[in-house]
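> Give me a model of this one.
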Amino acid sequence: MGSAADKAKGLANEAVGNVKQGVGKMTGSEKLQAEGKVQELKGEGQQAVGKAKDAVKKAANL
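Take a look at the predicted model:
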């Protein structure tokens, strides 16, 4: 997967995770809040992978 795809998937996972957390708070579902937090963290990790791939590409082009 390319760096742009990693970053896009990461953003999507973060967004869905935030929504799940919000719905979990509104409904009192601790399980949904926890799932949302996990998905948000997964998204942050995917974005970090995408950024790292960009950094490697830039370093290789120097």
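> Please identify which helix or strand holds Ala55.
Taking DSSP states H and E as the criterion, Ala55 maps to helix 30-60.
> Can you list the buried residues in that helix?
Neighbour counts over helix 30-60 (16 or more other C-beta atoms under 10 Å) mark Leu32, Gln33, Glu35, Gly36, Gln39, Glu40, Lys42, Gly43, Gln46, Gln47, Gly50, Lys53 as buried. Using the backbone N, CA and C atoms, a C-beta is placed for each residue, glycine as well.
> Now flag whichever of those residues is closest to Val19.
Lowest distance from Val19 to the buried residues of helix 30-60 (C-beta to C-beta) belongs to Gly36, with 7.1 Å.
> any idea how far that closest one is from Gly24?
6 Å (C-beta to C-beta, to the nearest Å).
> Ser3 now?
To Gly24, Ser3 is 31 Å away according to C-beta to C-beta.
> What of Val49?
Counting by C-beta to C-beta - Val49 and Gly24 are separated by 26 Å.
> same thing with Glu14?
Counting by C-beta to C-beta, the separation of Glu14 from Gly24 is 15 Å.
> Check Gln39 too.
Where Gly24 is concerned, Gln39 sits at a distance of 11 Å (C-beta to C-beta).
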